[in-house]
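Colleague: give the three-dimensional model of this entry:
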Amino acid sequence: MAPIGGPGGQPPFLNGAAIVETTLDPESFRRRLEEIETELGRRRLVRWDARAIDLDLLLYGEEIIDAPQLVVPHPRMAVRRFVLEPAAEIAGDWIHPTIGWTIEQLWRHLLVAVPYLAIAGAPCVGKRQLAKELTSQTAARLIAEAPPDNLAVLDAAASDSSGPAVAREIEFLVRRQELLARQTWGSPDVWAVSDFWFDQTLAWAAVDLDSAGQAAVREAWKRAQGTIVPPKLLVVLQASAGAAGCDSQSEAGGAVRESSAERQRLSEELDRLARRPGIGPVLWLSAADWETTVREAAAAMAAMQ
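Modeller: The predicted structure follows:
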């Protein structure tokens, strides 16, 4: 297979998967894998550079581990075709503990899903910039969110009562539905990248509306779900610690949210929504290291083809 994401000029590589029975705990097993890599000549100098051998721990039973030296399930296994293909041959019925899909389902998803990447995140975290850079690097089609023409009227009304606030959220939902409509989708073979996630409407409603308003938006969201193209990959862009507030409407989805507490609530709600069963492959990336984030997202797109 051709290498993805690393320095140029690398030769093709061979990839495989194995099921191992061990009495070692996950961290001890990871250390043993590193020892084997070293014994076989691996040297860690440049990330994603050519190496003699690379042993990754993908799954450890049903365990979920998030430690400095070990993350299980492997955070990028669900977006790598060269990982899922051999893994599906030997462990197709194993369930990915955080996504809730079997390895076979994840593999089939890469084969049949429309190549579409959606970006989620709180306002002003960099969603639009990431979408633009990805489309520039990969020749993908950009789907940019365009606020309603009557945004100023909607914002003014929404500040007065819950009814107009619900109408405002549903208006945004309708605009996103139009942008992602199946019948207006372009070539199914060309990647598309949107600077929004359709389900983010639910997060905005959870922060802005009372229970009745949330229920109304949820019903509108359910009706629209079957008419749109779902993402093959969802990228959740997370703000760096101590990030400054935003002073523009460029990606706030309307009125600027000055409150850092409100943006934090939105971020937490988006994170919760992205962890629901059935969402599919998700990458959590940090805006703190922008170069790495763009590289990771572009590499994931390439690895899913």
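Colleague: could you list the low-confidence segments of the stretch 101-250 of the chain?
Modeller: The stretch 101-250 of the chain contains residues with pLDDT under 70 at 147-163, 240-250.
Colleague: now the helices for it?
Modeller: Secondary structure of the stretch 101-250 of the chain (DSSP state H, counting those that start in this stretch): helices located at 103-112, 127-138, 151-158, 162-180, 200-208, 211-225.
Colleague: what's the closest of these to P26?
Modeller: helix 103-112 (18.7 Å; C-beta to C-beta). For glycine as for every other residue, the C-beta is placed from the backbone atoms N, C-alpha and C.
Colleague: quick one: list the elements packing against that closest one.
Modeller: Judged by 3 or more C-beta pairs under 8 Å, 6 or more residues apart in numbering; DSSP states H and E, the packing partners of helix 103-112 are helix 81-91.
Colleague: need the strands for the stretch 201-305 of the chain, in chain order.
Modeller: Taking DSSP state E, counting those that start in this stretch as the test, the strands found in the stretch 201-305 of the chain are 233-238, 282-286.
Colleague: the last one: partners in the sheet, and parallel or antiparallel?
Modeller: Read that as strand 282-286. According to DSSP bridges, strand 282-286 forms sheet pairs with strand 233-238 (parallel).
Colleague: what does the partner strand contact?
Modeller: Outside strand 233-238, the residues that touch it by C-beta atoms under 8 Å, 6 or more residues apart in numbering are 79, 116-121, 125-127, 130, 197, 267, 270-271, 274, 279-287, 293, 297, 300-301, 304.
Colleague: didn't I99 look like it was pressed against I279?
Modeller: Yes: if you go by C-beta atoms under 8 Å, I99 and I279 touch, sitting 7.2 Å apart.
Colleague: single out the most deeply packed of the helices of the stretch 101-250 of the chain.
Modeller: Comparing the helices of the stretch 101-250 of the chain by mean neighbour count (mean count of other C-beta atoms under 10 Å), helix 200-208 ranks first with a mean of 22.
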